[in-house]
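S.K.: just a sequence and a predicted model for now, questions to come.
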Amino acid sequence: AEKAKKAKKAFDDAYAALFTDDTKTKLKNSEFDKISVLKEKLDDLKGTDFYDAAKKQYDTVAAHITAIKAINALFEKDVIVDGKKVSGTVKADAKFDSLSSDVLNTGDANLDNLLQSVITDGKNQLAAKAQSSSQAQAAANSASQTESNDKAAEAKPAAPASDNSNLQRDKSRVPYNDSAIADSNNPAWTFGDGVLEKIVSTSQARGYFSGNDYILEKVNIINGNGYYNMFRKDGTYLFSINCKTGYFVGNGSGHSDALDY
């Protein structure tokens with residue numbers, strides 16, 4: 001019994017070392033590789049009364065580390081650091097649709113929301129890069145067709161990204177508010193527990209898109225609630241979402257048509 005208690009303490013110490021503080025809510029990136037040490041301590045508990053509970057702790061934290069590492073691998077540097085989102089550039093070949101739901105649904109609502117927030121940022125970066133690239137190509141094609149310096153001087157510059165955006169922002173049921181959008185750290189933008197997952201699931205069931213083939217964009221903060229627009233990958237407007245309550249409304253018939261504010 002004494003040996004089992006010592007093994008349990010060794011496991012608890014190794015488990016606690018993975019987190020940033022005693023609340024054990026945010027994992028420390030620098031300790032991710034120590035999950036192998038935790039596995040060793042878990043194995044030492046086999047055959048004891050402590051094993052089953054410890055196994056659940058191990059499985060949960062291992063799944064969380066796997067999810068965070070999978071997301072971070074799609075960026076030039078880690079964008080989830082010690083349980084918080086930091087800015088980072090998405091890799092040009094990042095494929096967010098390759099992330100399985102098993103990896104993204106960790107069972108921890110706060111972490112799941114954090115993962116979805118980072119994925120949204122990454123997708124938006126890729127969309128902006130693709131648009132910028134197509135505009136640059138269009139400008140290059142225009143220049144190559146110019147037969148004289150005079151004509152080149154008269155050629156109009158490429159339109160700014162916002163003018164050529166594929167997103168159907170004009171269809172939005174909720175008005176865009178630039179000052180609210182700029183307030184990116186406002187807690188109003190944080191999705192309620194399970195809200196985004198439910199909306200994605202409903203959208204998939206209705207055939208709006210498959211997988212994670214969507215783009216989320218901040219729109220406005222009204223009555224303390226953050227509103228997002230959801231678009232298909234091709235820019236088609238689907239609906240506006242209250243990220244706190246999960247209420248969403250678009251322009252299609254047969255579904256809710258009234259705004260909730």
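M.R.: Cool, the structure landed. Remember, predicted model here, so these are calculated numbers, not experimental data.

S.K.: and residue 17, how many neighbours?
M.R.: Residues lying near residue 17 (other C-beta atoms under 10 Å) number 12. C-betas here are computed from N, CA, C, even on glycine.

S.K.: sorry, slip of the keys, the one I care about is residue 214.
M.R.: As a burial measure, residue 214 scores 20 neighbours (other C-beta under 10 Å).

S.K.: which parts of the protein belong to which domain?
M.R.: 2-117, 166-256 (automatic domain parsing).

S.K.: now those as CSV including mean pLDDT and distance to residue 131?
M.R.: Shown next, in CSV, are these (pLDDT from 0 to 100; distance: least, C-beta to C-beta, whole Å):
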stretch, mean pLDDT, distance to residue 131
domain 2-117, 94, 14
domain 166-256, 91, 7
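
S.K.: nearest to residue 125, out of the ones you listed?
M.R.: With C-beta to C-beta as the criterion, residue 125 lies closest to domain 2-117 of the domains of the chain, at 4.3 Å.

S.K.: give me every residue that touches residue 181.
M.R.: 218-220 (C-beta atoms under 8 Å, 6 or more residues apart in numbering).

S.K.: now list the buried members of those residues.
M.R.: Buried positions within the contacts of residue 181, assessed by neighbour count (16 or more other C-beta atoms under 10 Å), are 218-220.

S.K.: return the member of those residues nearest to residue 4.
M.R.: The closest of the buried ones among the contacts of residue 181 to residue 4 turns out to be residue 218 (C-beta to C-beta; 51.7 Å).

S.K.: tell me the SS of that closest one?
M.R.: Three-state call for residue 218 (DSSP: H, G, I helix; E, B strand; the rest coil): strand.

S.K.: can you tell me how far the closest residue to it other than its chain neighbours is from residue 48?
M.R.: Excluding the flanking residues, the one nearest residue 218 by C-beta to C-beta, 6 or more residues apart in numbering is residue 181, at 4.8 Å. To residue 48, residue 181 is 54 Å away according to C-beta to C-beta, to the nearest Å.

S.K.: can you check residue 232 too?
M.R.: The gap separating residue 232 from residue 48 is 53 Å, by C-beta to C-beta.

S.K.: again with residue 76
M.R.: Residue 76 sits 44 Å away from residue 48, going by C-beta to C-beta.

S.K.: these two: who's more crowded?
M.R.: residue 48 (15 against 12).

S.K.: mind listing what that one touches?
M.R.: 4, 7-8.

S.K.: can I get these in CSV including distance to residue 55 and neighbour count?
M.R.: As requested, these are exported to CSV (distance: C-beta to C-beta, whole Å; neighbours: other C-beta atoms under 10 Å):
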residue, distance to residue 55, neighbour count
4, 15, 15
7, 13, 20
8, 12, 19
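
S.K.: closest one to residue 174 out of those residues, please.
M.R.: Distance to residue 174, by C-beta to C-beta, is smallest for residue 8 among these, at 52.4 Å.

S.K.: how about the contacts made by the residue nearest to that closest one when sequence neighbours are not counted?
M.R.: In this structure, residue 8 finds its nearest non-sequential neighbour in residue 50, 4.6 Å apart by C-beta to C-beta, 6+ apart. Residues near residue 50 by C-beta under 8 Å, 6+ apart: 4, 7-8, 11.
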